[in-house]
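Visitor: Mind looking at a prediction? Sequence and model below.
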Number of protein chains: 2
Amino acid sequence: MEPGGVPVSAVLPAGGSGERLGGATPKQFCAVQGRPLVSYAVRAMERISWISDIIVVVSPENIETMKTIIEKFGHKRVTVVEGGITRHRSIFNGLKVFAEKEFSSHLLQKPEVVIIHDAVRPFVEEDILSKVVMAAKEHGAAGAIRPLVSTVVASAADGCLDHSLERARYRASEMPQAFLFDVIYEAYQQCTDYDLDYGTECLHLALKYCKTNAKLVEGTADLWKVTYKRDLYAAESIIKDNLSQEVCVITDANETVAQVGFLLPEYLKRQIKVETVSISQSRNDSHLQSIFSGQCYNFVCVNDKKCAIQETQQLVHMLEKSDIPLLHPVVLISVYLDISGNNSFSIGMEELASIKKFARETKKKNILVYGLLIQYKDPSLLQETVNSAAALIMALIKDRNPELIGQLLVA
Amino acid sequence: MEPGGVPVSAVLPAGGSGERLGGATPKQFCAVQGRPLVSYAVRAMERISWISDIIVVVSPENIETMKTIIEKFGHKRVTVVEGGITRHRSIFNGLKVFAEKEFSSHLLQKPEVVIIHDAVRPFVEEDILSKVVMAAKEHGAAGAIRPLVSTVVASAADGCLDHSLERARYRASEMPQAFLFDVIYEAYQQCTDYDLDYGTECLHLALKYCKTNAKLVEGTADLWKVTYKRDLYAAESIIKDNLSQEVCVITDANETVAQVGFLLPEYLKRQIKVETVSISQSRNDSHLQSIFSGQCYNFVCVNDKKCAIQETQQLVHMLEKSDIPLLHPVVLISVYLDISGNNSFSIGMEELASIKKFARETKKKNILVYGLLIQYKDPSLLQETVNSAAALIMALIKDRNPELIGQLLVA
């Protein structure tokens, strides 16, 4: 598991002002699904057991913000360090906590290899981290690269084309990068103020000051850097997509409910991975915990009780005890199966108001509750109704719209 | 208005296979809000009166698809041309329809300046098109550029870093580009098969074969090319954003309705531009037509009739007569103000089913109908209820979720 069995730590520069994004909040602190981007990058490191320390370097005015984020989202193994006025100075500060006693209250254990990764690249996977660490161990330095999307041109002094580069010979240098600690630390100690103030590329410093030719490692498309507002939109959609991979359907043993509880997962399975659980199983903590630990963020409870707040409440308690709603909002759809056969479905405004109130309270716990009515009247229409219910469930899961909580939809 | 008063036409290469997107559909034909990307690029050209002909170059197997798109979305001034096996060969084919009689059934009038733009850059504005055309007229060639997002590196034969480019000295070459027709056509006639097969950059050909140093014009961030799946997500969000800039609120003269009809726009105005219209005005075609022509894609009808399908139907007819729902889905929210004071709001399943049926029919016309109930019982709670209604309206407008049509939400 540990790449090469060497001690590894990570430095995340998060000091940028994000001016290209065109907003007041630096992009690393912009919230996506209620959580700042930097927290996604930290989480991406933290879930990897062989990364010991995670150093997040932020500008002085954001130190408290960052500490609050760490506490709120339960991050571990993170040290916050005050950055410098440029990217290189910030990374250098991050490295110093492993090497200079006077710089931090307690000196962290010096890693053999250090990963450098941007706080605004939230989707980095263990595979590429492991690859750059292995390559850094062998070559002294390594970095992820990607094919160029656009041709690169050089302009002359008059603003006209001087020449264009042959696209196939060049690559975009991305993150993560990794270095033997001694190589990159030496490079930073040796480099000039001009490098520290105007340079951007760590691989370049390792080459210039330590004669280390970094190994270039082909990365995947998801390494891209959140730079513009459109990238925030893309990140939001990708995260929603990732959260919509699995749903857990909970039903009780009542015969009619069980029939719908059987049909509904069949329809949902065409679009999403489905776990089915009976109510009695759901009362068994350990069974649900195993689903929680499988990172399921969507739950559907089917029952024949109008406004089944009690049933839903129990699941809310269990979710609260787990870590699930800490990192991402959880969707919980309470499906009410009306088997009365009445033509006129009637519900009091007070009942509707109490569902909404419950949903508003639950939202504070990062759980989004929605209601869905399925009328079981004409068995010949059941398939069509369940199909419509499945489409609504998928729409609620994919959208995770916090404004629609507490609404009762009708299939 | 016409930049420099010269005849201008445009060529859109749309022959790519979109393999980087990782789907079966080439990216230019991927639907965003129900419309293929290429249609957005065509529309961006078509709305500019000084662009005469728009040549879309597609691979042979997509010619029928492209013709269907042109018909379905009512595009004008478009000629579909069969592409070659590479991007350069496709652009060359596109240019030939202005110069070679044997190539097309009717020779199009040769423009003085030709714009080349990608079918997968949907957000190009008149300003940058005008700038590159003016610059091309003066310099013979011109192209939009953007700052590099990542450092560009050159790799050595062993896969290690050879050198990295100084980011400030280079730019990403983007689209649109523009050329004196004679310059780019000459360049294509002169260039080698190797250029046609392996090159990607028109500016390079103009420099190499016509000694024309293109003027580089700083473009805006929205010129980016839809390349990966995340770019499709971003495009979708940007288009939804653009469609959520304005709402038209229609109310009748009933006193209570009028009160809500006054309060609701006040709340909405905090988030969106609001036009208010009385029902009697809305029956006046010309007034609504002026709102339609202002590109409003969102309508809210407030009334005190349960299931006000007739009222909504009338607006649907008017929208159908306009061009509005042709290019983008229109959101139409029917707000039912319940002034009965009943605690128990009761609605028959058949009524709900008829709203859903109506919404399904209307969706075929690209109009998304949603219901929203506001209960007017306790005047002291009115502000809170209207606030909640405004939040739901904004959520429906921003999401434009086709699965939730025909639902009755409760504020």
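Guide: Perfect, I can see it now.

Visitor: Against A:Asp53, how distant is A:Gly5?
Guide: In this structure, A:Gly5 and A:Asp53 are 17 Å apart, going by CB to CB, to the nearest Å. In this view, the C-beta of every residue, glycine as well, is placed from N, C-alpha and C.

Visitor: Quick one: the strands in the stretch 301-411 of chain A, in order.
Guide: Along the stretch 301-411 of chain A, the segments classed as strands by DSSP state E, counting those that start in this stretch run A:330-338, A:346-348, A:367-375, A:408-410.

Visitor: need the least confident one among those strands, by mean pLDDT.
Guide: For these, mean pLDDT drops lowest on strand A:346-348, to a mean of 71.

Visitor: the longest helix in chain A is where?
Guide: Scanning chain A for the longest helix, with DSSP state H as the assignment, gives helix A:382-399.

Visitor: Have a look at A:Gly5 and A:Asp53 and say which one is more surrounded.
Guide: Each of A:Gly5 and A:Asp53 has its neighbours counted (other CB atoms under 10 Å in any protein chain shown); A:Asp53 has more, 20 against 10.

Visitor: and that one, what element?
Guide: Using DSSP states H and E, A:Asp53 sits within strand A:51-58.

Visitor: quick one, longest strand in chain A?
Guide: The single longest strand within chain A, with elements called by DSSP state E, is strand A:170-180.

Visitor: is any part of it close to chain B?
Guide: Yes: Strand A:170-180 is in contact with chain B by CB under 8 Å from any CB of the partner chain, via A:Tyr170, A:Arg171, A:Ala172, A:Ser173, A:Glu174.

Visitor: Just put those in JSON lines and tack on neighbour count and pLDDT.
Guide: Putting the residues of strand A:170-180 next to chain B into JSON lines (neighbours: other CB atoms under 10 Å in any protein chain shown; pLDDT from 0 to 100) gives the following:
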{"residue": "A:Tyr170", "neighbour count": "21", "pLDDT": "95"}
{"residue": "A:Arg171", "neighbour count": "24", "pLDDT": "96"}
{"residue": "A:Ala172", "neighbour count": "23", "pLDDT": "96"}
{"residue": "A:Ser173", "neighbour count": "25", "pLDDT": "97"}
{"residue": "A:Glu174", "neighbour count": "25", "pLDDT": "97"}
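
Visitor: just those residues now: which is nearest A:Arg77?
Guide: The closest of those to A:Arg77 turns out to be A:Glu174 (CB to CB; 24.2 Å).

Visitor: Distance of that closest one relative to A:Arg87?
Guide: Distance, A:Glu174 to A:Arg87, using CB to CB: 15 Å.

Visitor: which strands and helices sit next to the longest strand of chain A?
Guide: Using 3 or more CB pairs under 8 Å, 6 or more residues apart in numbering or on different chains; DSSP states H and E, the elements in contact with strand A:170-180 are strand A:113-116, helix A:126-139, strand A:141-147, helix A:202-210, strand B:151-155.

Visitor: Run through chain A and note the low-pLDDT ranges.
Guide: Across chain A, the ranges flagged by pLDDT under 70 are A:1-2, A:18-23, A:102-106, A:253, A:281-285, A:306-308, A:341-346.
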